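A predicted structure for the sequence below; I have some questions about it.
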Amino acid sequence: MGDSYYSDGGSGLGVLALLVILLPLVLILAAAGYVIGSFLLMKIFEKAGVEGKWRAWVPVYNALILAKLGDFSPWVYLGVAVASGVLTNIPVIGWLLGLVGLAAAVLIGYRVGLKFGLDWPYLLLWLIPGLGTIIWLGILAFGSASWNPNIPPAPWANSFLADKTVWNGVPVQPGQQVAPAPAAGYGAPAGYAPPAQPSTPPPAPPAAGTTPPPPAPPAGPTPPPPAGPQV
């Protein structure tokens with residue numbers, strides 16, 4: 001029994017030591033992946049005309065911008081990603097529900113690749129987590145192909161998956177259905193004419209029972225005074 005106790009204690013210390021060694025390594029790799037991925041996204045956003053290099057360095061936000069460039073609603077993508085992360089914890093079928101988020105990412109990557117002139121086989125790199133994704137982003141960022149958003153509309157262009165949002169600094173993609181902006185103010189309905197302004201009212205008549213003054217004599221030369229008696 002004593003040997004078993006010491007054996008269990010030794011194995012526990014071994015696992016703890018392994019975690020102490022691996023944890024810093026994992027953190028370093030995660031930080032390096034974040035820096036490299038954000039840098040490549042910054043180059044991709046520059047090619048696509050996105051204003052502000054800082055956008056590529058904000059976690060989650062940079063993924064939503066990439067979704068917009070891929071003609072996919074950023075809010076739908078965010079909801080799908082969160083739901084997939086939660087539903088993955090369901091036993092037995094969790095992994096299957098988690099594929100919904102992966103499918104959305106594939107659609108986004110496919111559209112972005114088309115705008116750079118890349119065929120669908122390059123998506124195989126996108127599907128490889130970690131190094132494969134970095135290679136795919138590097139091809140887009142430093143490849144000779146330029147950004148060309150004038151491609152046929154996405155198959156989901158008329159569905160709730162389509163991007164209908166407008167964000168400052170992010171160019172609106174051709175064919176994107178954007179809700180019209182509200183009018184600047186309330187205008188009069190068609191065919192409506194404003195009422196005419198009243199003219200100056202005529203002078204009021206004299207009160208009853210009063211005699212109006214006689215009209216003034218016409219103006220003329222004044223007659224000379226009569227001559228006096230002659231002597």
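Sure thing, it's come through. Numbers count the residues shown, from 1 in each chain.

what bits of this structure have low per-residue confidence?
When the per-residue scores of the chain are filtered using pLDDT under 70, the ranges that remain are 1-12, 178-231.

contacting residues around the residue nearest to the spatial centre of it?
When the chain is reduced to its mean C-alpha position, the nearest residue by Cα atoms, centre = their mean turns out to be residue 167, at 2.6 Å. By Cβ atoms under 8 Å, 6 or more residues apart in numbering, the contact list for residue 167 reads 65, 68. To be clear about C-beta, it is placed using only N, CA and C from the backbone, and glycine gets the same treatment.

ok, now residue 117?
Contacts for residue 117 were tallied using Cβ under 8 Å, 6+ apart; they are 145, 148.

Let me see the backbone angles for the residue nearest to the centre of the chain.
Backbone torsions of residue 167, given as degrees, to the nearest 10, read phi -120, psi 140.

go on, residue 72?
In terms of degrees, to the nearest 10, the main-chain angles of residue 72 are phi -120, psi 140.

Look up how far residue 23 lies from residue 30.
Computed with Cβ to Cβ, to the nearest Å, the distance linking residue 30 and residue 23 is 11 Å.

Now do the helix ranked longest in the chain: which elements does it pack against?
Counting by DSSP state H, the longest helix found in the chain is helix 2-48. Taking 3 or more Cβ pairs under 8 Å, 6 or more residues apart in numbering; DSSP states H and E as contact, the helices and strands that helix 2-48 lies on are helix 61-69, helix 131-142.

Include distance to residue 100 and mean neighbour count when you put those into a markdown table, please.
Supplementary listing: the helices and strands packed on helix 2-48 in a markdown table, determined by distance: least, Cβ to Cβ, whole Å; neighbours: other Cβ atoms under 10 Å:
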| stretch | distance to residue 100 | mean neighbour count |
| --- | --- | --- |
| helix 61-69 | 14 | 21 |
| helix 131-142 | 18 | 17 |
